[in-house]
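Trainee: got a predicted structure here, sequence first:
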Amino acid sequence: MKSFDVVIIGGGITGLSTAYYLNKMGVKNVLIIEKNYLGSGSTGRCGTGIRQQFTTKEHIVLMRESVKLWKEWENSLEHPIHFKQGGYIWLLRNNEELKQYKNYVKMQNLLGVPTQIISKEEIKEIVPEINTDDIVGASWCSTDGNAYPFEVIDALKFFVESKGTTIKTFEEVKNITLKNGLIQSVITDNDIYYTSFLVNGAGTGAKKTAKIIEIELPLENYRHQIVVSEPLEDFLNPMVVKGELYFTQTHRGRVIGGTDMNESPTDSISTSIDFLEKFATEVVKTIPQLSSIKIMRQWAGSYVVTPDHHPIIGPSEISNFILGCGYSGHGFMLGPIVGKLLASYIIDGKMFLPEADNLTIKRFKEGKLIQEKAVIG
Amino acid sequence: MNDSLILICRCEDVTLEEIKEAFNKGFKDIESLRRHLNIGTGPCQGKTCIPLLEKTLAQLSGKNEIETISTRPPESPVPFGVFIKRGKKE
(Lines give C-alpha, C1' and ligand atoms only; values in the text may rest on other atoms or scores of the structure.)
Protein backbone atom coordinates (compact mmCIF):
# COMPACT_ATOMS: atom_id res chain seq x y z
CA MET A 1 0.00 0.00 0.00
CA LYS A 2 1.29 3.40 -1.00
CA SER A 3 -0.18 6.83 -1.76
CA PHE A 4 0.33 8.83 -4.95
CA ASP A 5 -0.74 12.26 -6.15
CA VAL A 6 -1.65 10.82 -9.53
CA VAL A 7 -2.07 7.23 -10.69
CA ILE A 8 -2.15 6.63 -14.44
CA ILE A 9 -3.56 3.43 -15.95
CA GLY A 10 -1.75 2.61 -19.19
CA GLY A 11 1.95 2.74 -20.13
CA GLY A 12 1.51 4.05 -23.65
CA ILE A 13 2.05 7.52 -25.02
CA THR A 14 -0.88 9.02 -23.06
CA GLY A 15 0.34 7.78 -19.70
CA LEU A 16 3.99 8.58 -20.27
CA SER A 17 3.30 12.02 -21.75
CA THR A 18 0.95 12.92 -18.88
CA ALA A 19 3.59 11.79 -16.36
CA TYR A 20 6.21 13.81 -18.28
CA TYR A 21 4.22 17.04 -17.99
CA LEU A 22 3.17 16.38 -14.39
CA ASN A 23 6.84 15.90 -13.50
CA LYS A 24 7.82 19.05 -15.43
CA MET A 25 5.13 21.06 -13.65
CA GLY A 26 6.37 19.87 -10.26
CA VAL A 27 4.15 16.88 -9.46
CA LYS A 28 6.64 14.07 -8.85
CA ASN A 29 4.67 11.48 -6.90
CA VAL A 30 3.19 9.74 -9.93
CA LEU A 31 2.54 6.05 -10.64
CA ILE A 32 2.02 4.44 -14.06
CA ILE A 33 0.42 0.96 -14.09
CA GLU A 34 0.83 -1.06 -17.29
CA LYS A 35 -0.64 -4.55 -17.62
CA ASN A 36 1.93 -5.65 -20.23
CA TYR A 37 5.23 -3.96 -21.23
CA LEU A 38 5.49 -0.23 -22.01
CA GLY A 39 4.17 0.61 -25.47
CA SER A 40 2.67 -2.86 -25.90
CA GLY A 41 -0.72 -1.52 -27.01
CA SER A 42 -1.65 0.88 -29.80
CA THR A 43 1.36 3.18 -29.29
CA GLY A 44 3.93 0.55 -30.19
CA ARG A 45 1.80 -0.74 -33.04
CA CYS A 46 1.15 2.59 -34.75
CA GLY A 47 2.22 3.84 -38.15
CA THR A 48 4.57 6.58 -36.81
CA GLY A 49 2.75 9.50 -38.51
CA ILE A 50 2.28 12.99 -37.06
CA ARG A 51 0.04 15.30 -39.06
CA GLN A 52 -1.92 18.54 -38.83
CA GLN A 53 -3.97 17.96 -41.99
CA PHE A 54 -7.34 17.43 -40.33
CA THR A 55 -10.80 18.77 -41.06
CA THR A 56 -12.02 20.17 -37.75
CA LYS A 57 -10.85 23.11 -35.65
CA GLU A 58 -10.37 20.83 -32.64
CA HIS A 59 -8.04 18.39 -34.39
CA ILE A 60 -6.15 21.05 -36.34
CA VAL A 61 -5.45 23.25 -33.30
CA LEU A 62 -4.53 20.33 -31.04
CA MET A 63 -2.20 18.89 -33.67
CA ARG A 64 -0.66 22.30 -34.45
CA GLU A 65 0.21 22.58 -30.75
CA SER A 66 1.28 18.93 -30.57
CA VAL A 67 3.79 19.44 -33.41
CA LYS A 68 5.35 22.32 -31.43
CA LEU A 69 5.76 19.94 -28.49
CA TRP A 70 7.14 17.16 -30.69
CA LYS A 71 9.86 19.63 -31.72
CA GLU A 72 10.56 20.44 -28.07
CA TRP A 73 10.77 16.73 -27.27
CA GLU A 74 13.15 16.16 -30.19
CA ASN A 75 15.39 18.99 -28.94
CA SER A 76 15.23 18.32 -25.21
CA LEU A 77 14.82 14.60 -24.52
CA GLU A 78 18.14 12.94 -23.94
CA HIS A 79 17.24 9.69 -25.71
CA PRO A 80 16.68 10.36 -29.46
CA ILE A 81 13.06 10.01 -30.63
CA HIS A 82 13.76 10.47 -34.36
CA PHE A 83 11.07 13.11 -34.87
CA LYS A 84 11.38 14.36 -38.41
CA GLN A 85 9.28 16.92 -40.30
CA GLY A 86 9.27 15.25 -43.69
CA GLY A 87 5.76 16.46 -44.45
CA TYR A 88 2.56 14.66 -45.46
CA ILE A 89 1.75 14.50 -49.14
CA TRP A 90 -1.95 13.70 -49.55
CA LEU A 91 -2.53 12.57 -53.14
CA LEU A 92 -5.87 13.66 -54.63
CA ARG A 93 -7.43 11.27 -57.10
CA ASN A 94 -10.06 13.42 -58.83
CA ASN A 95 -11.45 16.93 -59.07
CA GLU A 96 -14.05 16.26 -56.42
CA GLU A 97 -11.31 15.38 -53.87
CA LEU A 98 -9.30 18.38 -55.03
CA LYS A 99 -12.24 20.72 -54.40
CA GLN A 100 -12.88 19.19 -50.98
CA TYR A 101 -9.22 19.44 -49.92
CA LYS A 102 -9.01 23.06 -51.12
CA ASN A 103 -11.59 23.83 -48.46
CA TYR A 104 -9.66 21.88 -45.81
CA VAL A 105 -6.48 23.76 -46.77
CA LYS A 106 -8.27 27.11 -46.31
CA MET A 107 -9.37 26.06 -42.84
CA GLN A 108 -5.91 24.74 -41.91
CA ASN A 109 -4.28 27.98 -43.15
CA LEU A 110 -6.69 30.12 -41.10
CA LEU A 111 -5.64 28.12 -38.02
CA GLY A 112 -1.93 28.58 -38.75
CA VAL A 113 -1.05 25.30 -40.47
CA PRO A 114 0.91 25.90 -43.71
CA THR A 115 -0.81 23.34 -45.97
CA GLN A 116 -0.98 24.03 -49.71
CA ILE A 117 -2.40 22.42 -52.83
CA ILE A 118 0.39 21.40 -55.19
CA SER A 119 0.49 20.23 -58.81
CA LYS A 120 1.64 16.90 -60.24
CA GLU A 121 4.96 18.52 -61.22
CA GLU A 122 5.50 19.74 -57.66
CA ILE A 123 4.66 16.24 -56.33
CA LYS A 124 7.44 14.86 -58.56
CA GLU A 125 9.87 17.40 -57.10
CA ILE A 126 9.15 16.13 -53.58
CA VAL A 127 8.95 12.39 -54.36
CA PRO A 128 10.11 11.67 -57.95
CA GLU A 129 9.06 8.00 -57.70
CA ILE A 130 5.34 8.75 -57.26
CA ASN A 131 3.20 7.67 -60.22
CA THR A 132 1.01 10.70 -60.98
CA ASP A 133 -1.05 9.10 -63.78
CA ASP A 134 -4.17 8.62 -61.69
CA ILE A 135 -4.00 11.75 -59.52
CA VAL A 136 -4.78 15.43 -60.08
CA GLY A 137 -2.65 17.08 -57.37
CA ALA A 138 -1.92 16.85 -53.66
CA SER A 139 -2.49 18.55 -50.35
CA TRP A 140 0.99 19.14 -48.92
CA CYS A 141 2.05 20.17 -45.43
CA SER A 142 5.80 20.35 -44.96
CA THR A 143 5.66 20.61 -41.16
CA ASP A 144 3.86 17.27 -40.67
CA GLY A 145 6.14 14.32 -40.00
CA ASN A 146 6.78 11.21 -37.96
CA ALA A 147 8.65 9.81 -34.96
CA TYR A 148 9.70 6.34 -33.88
CA PRO A 149 7.24 4.95 -31.27
CA PHE A 150 9.56 2.74 -29.23
CA GLU A 151 12.27 5.40 -29.04
CA VAL A 152 9.61 7.86 -27.82
CA ILE A 153 8.50 5.34 -25.18
CA ASP A 154 12.11 4.80 -24.04
CA ALA A 155 12.90 8.55 -24.01
CA LEU A 156 9.84 9.35 -21.87
CA LYS A 157 10.46 6.35 -19.57
CA PHE A 158 14.03 7.49 -18.89
CA PHE A 159 12.88 11.07 -18.27
CA VAL A 160 9.99 10.36 -15.92
CA GLU A 161 11.86 7.72 -13.94
CA SER A 162 14.69 10.21 -13.39
CA LYS A 163 12.11 12.69 -12.01
CA GLY A 164 10.61 10.25 -9.53
CA THR A 165 7.72 8.64 -11.41
CA THR A 166 7.14 4.98 -10.51
CA ILE A 167 6.38 2.59 -13.36
CA LYS A 168 4.85 -0.83 -12.69
CA THR A 169 4.72 -3.14 -15.70
CA PHE A 170 3.05 -6.56 -15.95
CA GLU A 171 0.60 -5.42 -13.29
CA GLU A 172 -3.13 -5.23 -13.99
CA VAL A 173 -5.84 -3.05 -12.46
CA LYS A 174 -8.55 -5.24 -10.98
CA ASN A 175 -10.67 -2.77 -9.05
CA ILE A 176 -11.12 0.92 -8.28
CA THR A 177 -12.66 2.15 -5.04
CA LEU A 178 -14.67 5.33 -4.47
CA LYS A 179 -15.21 7.38 -1.33
CA ASN A 180 -17.75 10.22 -1.20
CA GLY A 181 -18.13 10.09 -4.96
CA LEU A 182 -14.40 10.41 -5.65
CA ILE A 183 -11.75 7.86 -6.61
CA GLN A 184 -9.94 6.70 -3.50
CA SER A 185 -7.75 3.79 -4.55
CA VAL A 186 -6.71 1.44 -7.33
CA ILE A 187 -6.38 -2.29 -6.62
CA THR A 188 -4.12 -4.35 -8.88
CA ASP A 189 -3.19 -8.03 -8.90
CA ASN A 190 -0.18 -7.00 -6.83
CA ASP A 191 -1.01 -4.12 -4.48
CA ILE A 192 -3.35 -1.27 -3.54
CA TYR A 193 -2.52 2.36 -4.34
CA TYR A 194 -4.28 5.41 -2.84
CA THR A 195 -4.47 8.43 -5.08
CA SER A 196 -5.83 11.97 -5.46
CA PHE A 197 -6.30 11.65 -9.23
CA LEU A 198 -6.72 8.70 -11.56
CA VAL A 199 -5.99 8.98 -15.30
CA ASN A 200 -7.55 6.49 -17.70
CA GLY A 201 -4.99 6.19 -20.50
CA ALA A 202 -5.66 2.50 -20.96
CA GLY A 203 -6.13 2.56 -24.76
CA THR A 204 -7.93 -0.58 -25.91
CA GLY A 205 -8.72 -1.29 -22.26
CA ALA A 206 -10.08 2.20 -21.48
CA LYS A 207 -13.74 1.18 -21.86
CA LYS A 208 -13.34 -1.80 -19.53
CA THR A 209 -11.43 0.32 -17.01
CA ALA A 210 -14.14 3.00 -16.86
CA LYS A 211 -16.82 0.33 -16.52
CA ILE A 212 -15.35 -0.71 -13.15
CA ILE A 213 -16.76 2.53 -11.74
CA GLU A 214 -19.87 2.45 -13.93
CA ILE A 215 -18.81 5.07 -16.43
CA GLU A 216 -19.82 4.14 -19.97
CA LEU A 217 -17.37 5.28 -22.64
CA PRO A 218 -18.60 5.18 -26.25
CA LEU A 219 -15.53 3.33 -27.55
CA GLU A 220 -15.13 0.51 -30.07
CA ASN A 221 -11.86 -1.25 -30.98
CA TYR A 222 -11.10 -1.69 -34.68
CA ARG A 223 -8.25 -3.81 -36.02
CA HIS A 224 -5.79 -2.02 -38.30
CA GLN A 225 -2.82 -3.74 -39.90
CA ILE A 226 0.63 -2.47 -40.78
CA VAL A 227 3.44 -3.85 -42.88
CA VAL A 228 7.15 -3.01 -42.89
CA SER A 229 9.69 -3.71 -45.63
CA GLU A 230 13.34 -4.64 -45.62
CA PRO A 231 15.66 -1.65 -45.02
CA LEU A 232 16.39 0.56 -48.05
CA GLU A 233 18.55 3.58 -48.65
CA ASP A 234 16.75 6.83 -47.76
CA PHE A 235 14.47 7.83 -50.62
CA LEU A 236 11.15 8.80 -49.07
CA ASN A 237 10.97 11.73 -46.71
CA PRO A 238 7.22 12.48 -46.38
CA MET A 239 4.27 10.31 -45.43
CA VAL A 240 2.34 9.54 -48.61
CA VAL A 241 -1.46 9.27 -48.36
CA LYS A 242 -3.75 8.13 -51.16
CA GLY A 243 -7.34 7.20 -50.39
CA GLU A 244 -7.16 4.58 -47.63
CA LEU A 245 -3.42 3.97 -48.14
CA TYR A 246 -0.58 5.57 -46.20
CA PHE A 247 3.16 4.84 -46.10
CA THR A 248 6.50 6.43 -45.31
CA GLN A 249 10.09 5.38 -44.63
CA THR A 250 11.42 5.15 -41.06
CA HIS A 251 14.83 6.35 -39.89
CA ARG A 252 15.86 2.69 -40.06
CA GLY A 253 15.22 2.69 -43.81
CA ARG A 254 12.12 0.54 -43.77
CA VAL A 255 8.98 1.40 -45.71
CA ILE A 256 6.11 1.28 -43.23
CA GLY A 257 2.43 1.66 -44.03
CA GLY A 258 -1.14 0.49 -43.88
CA THR A 259 -4.51 0.64 -45.53
CA ASP A 260 -8.07 0.39 -44.28
CA MET A 261 -9.84 -2.98 -44.53
CA ASN A 262 -13.19 -1.43 -43.48
CA GLU A 263 -13.84 -4.11 -40.88
CA SER A 264 -16.40 -4.28 -38.07
CA PRO A 265 -15.25 -3.68 -34.49
CA THR A 266 -13.16 -6.47 -32.98
CA ASP A 267 -10.62 -6.98 -30.23
CA SER A 268 -8.61 -9.28 -32.50
CA ILE A 269 -5.14 -8.14 -33.52
CA SER A 270 -4.31 -11.08 -35.76
CA THR A 271 -3.03 -10.42 -39.29
CA SER A 272 -4.47 -11.37 -42.69
CA ILE A 273 -3.24 -12.04 -46.20
CA ASP A 274 -6.14 -9.94 -47.58
CA PHE A 275 -4.49 -6.92 -46.03
CA LEU A 276 -1.14 -7.72 -47.68
CA GLU A 277 -2.88 -8.03 -51.05
CA LYS A 278 -4.72 -4.73 -50.70
CA PHE A 279 -1.68 -2.87 -49.40
CA ALA A 280 0.69 -4.31 -52.02
CA THR A 281 -1.73 -3.49 -54.84
CA GLU A 282 -2.22 0.10 -53.68
CA VAL A 283 1.40 0.82 -52.79
CA VAL A 284 2.84 -0.56 -56.04
CA LYS A 285 0.31 1.49 -58.03
CA THR A 286 1.58 4.58 -56.18
CA ILE A 287 5.33 3.78 -56.41
CA PRO A 288 5.85 1.01 -59.02
CA GLN A 289 9.49 0.45 -58.00
CA LEU A 290 8.32 -0.98 -54.66
CA SER A 291 7.11 -4.12 -56.46
CA SER A 292 10.48 -5.88 -56.03
CA ILE A 293 11.02 -4.67 -52.45
CA LYS A 294 10.56 -7.35 -49.81
CA ILE A 295 7.98 -7.33 -47.03
CA MET A 296 9.69 -8.15 -43.78
CA ARG A 297 6.95 -8.17 -41.19
CA GLN A 298 3.28 -7.44 -40.66
CA TRP A 299 1.30 -6.86 -37.48
CA ALA A 300 -1.93 -5.34 -36.26
CA GLY A 301 -3.06 -2.94 -33.57
CA SER A 302 -6.29 -1.24 -32.61
CA TYR A 303 -7.88 2.11 -33.34
CA VAL A 304 -10.01 2.91 -30.31
CA VAL A 305 -12.80 4.78 -32.03
CA THR A 306 -15.43 7.23 -30.76
CA PRO A 307 -18.68 8.03 -32.61
CA ASP A 308 -17.18 11.29 -33.96
CA HIS A 309 -13.56 10.13 -34.41
CA HIS A 310 -12.28 12.65 -31.86
CA PRO A 311 -10.59 11.73 -28.58
CA ILE A 312 -12.20 11.90 -25.17
CA ILE A 313 -9.97 14.02 -22.95
CA GLY A 314 -10.26 15.80 -19.62
CA PRO A 315 -12.65 15.40 -16.69
CA SER A 316 -15.45 12.86 -16.32
CA GLU A 317 -18.54 12.87 -14.11
CA ILE A 318 -16.22 11.77 -11.28
CA SER A 319 -14.12 14.88 -10.92
CA ASN A 320 -10.82 13.18 -10.04
CA PHE A 321 -11.18 10.54 -12.79
CA ILE A 322 -9.47 11.99 -15.88
CA LEU A 323 -9.88 10.57 -19.38
CA GLY A 324 -7.37 10.35 -22.23
CA CYS A 325 -8.65 7.79 -24.72
CA GLY A 326 -10.61 7.13 -27.93
CA TYR A 327 -8.13 8.77 -30.29
CA SER A 328 -9.62 6.92 -33.28
CA GLY A 329 -6.19 6.24 -34.79
CA HIS A 330 -4.44 9.47 -33.79
CA GLY A 331 -3.26 8.77 -30.25
CA PHE A 332 0.46 8.71 -30.96
CA MET A 333 0.52 12.06 -32.79
CA LEU A 334 -1.75 13.69 -30.18
CA GLY A 335 0.35 12.29 -27.31
CA PRO A 336 2.38 15.37 -26.41
CA ILE A 337 -0.51 17.85 -26.39
CA VAL A 338 -2.91 15.48 -24.61
CA GLY A 339 -0.32 14.81 -21.89
CA LYS A 340 0.17 18.53 -21.38
CA LEU A 341 -3.58 19.25 -21.33
CA LEU A 342 -4.28 16.47 -18.82
CA ALA A 343 -1.40 17.53 -16.57
CA SER A 344 -2.68 21.12 -16.69
CA TYR A 345 -6.19 19.98 -15.84
CA ILE A 346 -4.91 18.02 -12.84
CA ILE A 347 -2.82 20.95 -11.58
CA ASP A 348 -4.91 24.02 -12.55
CA GLY A 349 -8.37 22.54 -12.97
CA LYS A 350 -8.54 23.61 -16.60
CA MET A 351 -7.17 22.69 -20.01
CA PHE A 352 -5.43 25.64 -21.63
CA LEU A 353 -6.96 25.31 -25.11
CA PRO A 354 -10.66 26.16 -25.62
CA GLU A 355 -10.79 23.51 -28.37
CA ALA A 356 -9.90 20.86 -25.77
CA ASP A 357 -13.03 21.72 -23.77
CA ASN A 358 -15.09 20.59 -26.78
CA LEU A 359 -13.53 17.13 -26.50
CA THR A 360 -14.69 16.05 -23.04
CA ILE A 361 -17.07 13.13 -22.44
CA LYS A 362 -19.87 15.69 -21.91
CA ARG A 363 -20.28 16.14 -25.66
CA PHE A 364 -21.93 12.75 -26.08
CA LYS A 365 -24.61 13.57 -23.49
CA GLU A 366 -25.17 17.02 -24.92
CA GLY A 367 -25.18 15.77 -28.52
CA LYS A 368 -22.31 18.10 -29.51
CA LEU A 369 -20.41 15.72 -31.78
CA ILE A 370 -17.69 17.00 -34.10
CA GLN A 371 -17.20 14.95 -37.28
CA GLU A 372 -13.67 14.29 -38.56
CA LYS A 373 -13.55 13.34 -42.24
CA ALA A 374 -9.85 12.68 -42.68
CA VAL A 375 -9.35 9.28 -41.04
CA ILE A 376 -6.96 6.96 -42.89
CA GLY A 377 -5.37 3.52 -42.66
CA MET B 1 35.82 -13.71 -24.67
CA ASN B 2 34.88 -10.05 -24.37
CA ASP B 3 31.07 -9.54 -24.33
CA SER B 4 31.40 -6.64 -26.77
CA LEU B 5 32.76 -9.08 -29.36
CA ILE B 6 29.97 -11.63 -28.99
CA LEU B 7 27.35 -10.89 -31.60
CA ILE B 8 23.85 -12.06 -30.66
CA CYS B 9 21.81 -10.42 -33.45
CA ARG B 10 23.61 -10.38 -36.79
CA CYS B 11 20.96 -8.43 -38.74
CA GLU B 12 20.83 -5.55 -36.28
CA ASP B 13 24.37 -5.83 -34.95
CA VAL B 14 23.58 -6.30 -31.24
CA THR B 15 26.22 -7.67 -28.87
CA LEU B 16 25.99 -9.60 -25.61
CA GLU B 17 27.40 -6.54 -23.84
CA GLU B 18 24.54 -4.36 -25.10
CA ILE B 19 21.98 -6.91 -23.92
CA LYS B 20 23.53 -7.01 -20.44
CA GLU B 21 23.59 -3.19 -20.30
CA ALA B 22 19.94 -2.93 -21.34
CA PHE B 23 18.93 -5.59 -18.81
CA ASN B 24 20.65 -3.63 -16.07
CA LYS B 25 18.87 -0.45 -17.25
CA GLY B 26 15.53 -2.13 -16.56
CA PHE B 27 14.62 -3.85 -19.83
CA LYS B 28 14.05 -7.18 -18.16
CA ASP B 29 11.36 -8.85 -20.28
CA ILE B 30 11.99 -10.23 -23.74
CA GLU B 31 9.54 -7.98 -25.62
CA SER B 32 10.77 -4.65 -24.28
CA LEU B 33 14.41 -5.77 -24.46
CA ARG B 34 13.89 -6.72 -28.09
CA ARG B 35 12.26 -3.38 -28.93
CA HIS B 36 14.84 -1.34 -27.07
CA LEU B 37 17.72 -2.97 -28.97
CA ASN B 38 15.87 -3.93 -32.20
CA ILE B 39 16.99 -7.55 -31.72
CA GLY B 40 15.27 -9.93 -34.10
CA THR B 41 13.69 -7.19 -36.21
CA GLY B 42 15.97 -7.67 -39.23
CA PRO B 43 15.49 -9.82 -42.33
CA CYS B 44 16.02 -13.13 -40.49
CA GLN B 45 13.12 -12.25 -38.16
CA GLY B 46 14.95 -13.52 -35.12
CA LYS B 47 15.56 -17.05 -36.30
CA THR B 48 19.12 -17.13 -35.01
CA CYS B 49 19.17 -14.45 -32.33
CA ILE B 50 15.93 -14.98 -30.41
CA PRO B 51 16.94 -18.42 -29.01
CA LEU B 52 20.28 -16.87 -27.97
CA LEU B 53 18.44 -13.92 -26.41
CA GLU B 54 16.13 -16.28 -24.50
CA LYS B 55 19.10 -18.19 -23.15
CA THR B 56 20.92 -14.98 -22.17
CA LEU B 57 17.83 -13.61 -20.48
CA ALA B 58 17.34 -16.87 -18.56
CA GLN B 59 20.90 -16.60 -17.28
CA LEU B 60 20.60 -12.91 -16.37
CA SER B 61 17.25 -13.23 -14.60
CA GLY B 62 17.89 -16.63 -13.03
CA LYS B 63 14.61 -17.91 -14.45
CA ASN B 64 14.29 -21.33 -16.03
CA GLU B 65 11.57 -20.38 -18.48
CA ILE B 66 11.53 -17.25 -20.62
CA GLU B 67 8.45 -16.32 -22.62
CA THR B 68 9.16 -16.26 -26.29
CA ILE B 69 8.28 -13.44 -28.69
CA SER B 70 5.17 -13.18 -30.82
CA THR B 71 6.15 -14.34 -34.30
CA ARG B 72 4.94 -12.34 -37.25
CA PRO B 73 4.39 -13.15 -40.91
CA PRO B 74 5.88 -13.56 -43.47
CA GLU B 75 8.16 -16.43 -42.46
CA SER B 76 10.88 -15.00 -44.70
CA PRO B 77 10.86 -11.73 -46.70
CA VAL B 78 8.61 -11.74 -49.80
CA PRO B 79 8.40 -8.96 -52.44
CA PHE B 80 5.32 -6.69 -52.49
CA GLY B 81 4.86 -7.65 -56.14
CA VAL B 82 3.93 -11.22 -55.19
CA PHE B 83 0.79 -10.01 -53.40
CA ILE B 84 -0.57 -7.71 -56.12
CA LYS B 85 -4.10 -8.58 -57.16
CA ARG B 86 -3.89 -8.63 -60.94
CA GLY B 87 -6.89 -8.11 -63.18
CA LYS B 88 -9.11 -7.34 -60.23
CA LYS B 89 -10.50 -3.98 -59.29
CA GLU B 90 -9.05 -2.44 -56.15
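Mentor: Cool, got the structure.

Trainee: what about residue B:24, how many residues nearby?
Mentor: Residues contacting residue B:24 under the criterion other C-beta atoms under 10 Å in any protein chain shown number 10. For every residue, glycine as well, the C-beta is placed using N, CA and C.

Trainee: looking at this, residue A:322 is in a helix?
Mentor: No - read with DSSP: H, G, I helix; E, B strand; the rest coil, residue A:322 is strand and lies in no helix.

Trainee: look up how far residue A:355 lies from it.
Mentor: Counting by C-beta to C-beta, to the nearest Å, the gap from residue A:322 to residue A:355 is 18 Å.

Trainee: neighbour-wise, which of the two wins?
Mentor: More neighbours surround residue A:322 than the other of residue A:322 and residue A:355, with 24 against 19 (other C-beta under 10 Å).

Trainee: once you drop chain neighbours, what's closest to the more buried one?
Mentor: Take residue A:322 and drop its neighbours on the chain: the residue closest to it by C-beta to C-beta, 6 or more residues apart in numbering or on different chains is residue A:199, 4.7 Å away.

Trainee: cool, and residue A:189?
Mentor: Residue A:189 sits nearest to residue A:172 (C-beta to C-beta, 6+ apart), 5.2 Å away.

Trainee: which SS class is residue 75?
Mentor: All of this refers to chain A. With three-state DSSP as the basis, residue A:75 sits in helix.

Trainee: meant chain B, my bad for not saying
Mentor: At residue B:75 the chain is in coil, as set by three-state DSSP.

Trainee: what do you get for residue B:60?
Mentor: helix.

Trainee: that one - how many residues pack around it?
Mentor: Neighbourhood size, residue B:60 [other C-beta under 10 Å]: 15.

Trainee: please apply the same query to residue B:4.
Mentor: There are 12 residues near residue B:4, going by other C-beta under 10 Å.

Trainee: just residue A:55 next, same as before
Mentor: By other C-beta under 10 Å, the residues close to residue A:55 number 19.

Trainee: which residue is the nearest non-sequential neighbour of it?
Mentor: Using C-beta to C-beta, 6+ apart, the nearest residue to residue A:55 is residue A:373, at 4.5 Å.

Trainee: that neighbour and residue A:309, how far apart?
Mentor: To residue A:309, residue A:373 is 8 Å away according to C-beta to C-beta.

Trainee: who has more neighbours out of the two?
Mentor: Set residue A:373 next to residue A:309 and count neighbours by other C-beta under 10 Å: residue A:309 wins out with 23 against 10.

Trainee: quick one: the more buried one and residue A:369 touch, right?
Mentor: No - the criterion here is C-beta atoms under 8 Å, and residue A:309 misses it with residue A:369 at 9.3 Å.

Trainee: tell me, what's touching those two both at once?
Mentor: By the contact definition C-beta atoms under 8 Å, 6 or more residues apart in numbering or on different chains, residue A:309 and residue A:369 are jointly contacted by no residue.

Trainee: residue A:339 in helix, strand or coil?
Mentor: Using three-state DSSP, the structure places residue A:339 in helix.

Trainee: same question, residue A:347
Mentor: In three-state terms, and counting by three-state DSSP, residue A:347 is helix.

Trainee: count of neighbours near it?
Mentor: Residues near residue A:347, counting by other C-beta under 10 Å, number 16.

Trainee: do you know how far it is from residue A:6?
Mentor: 10 Å.

Trainee: same check, this time on residue A:47
Mentor: Distance from residue A:47 to residue A:6, by C-beta to C-beta: 30 Å.

Trainee: now swap in residue A:137 and tell me
Mentor: To residue A:6, residue A:137 is 47 Å away according to C-beta to C-beta.
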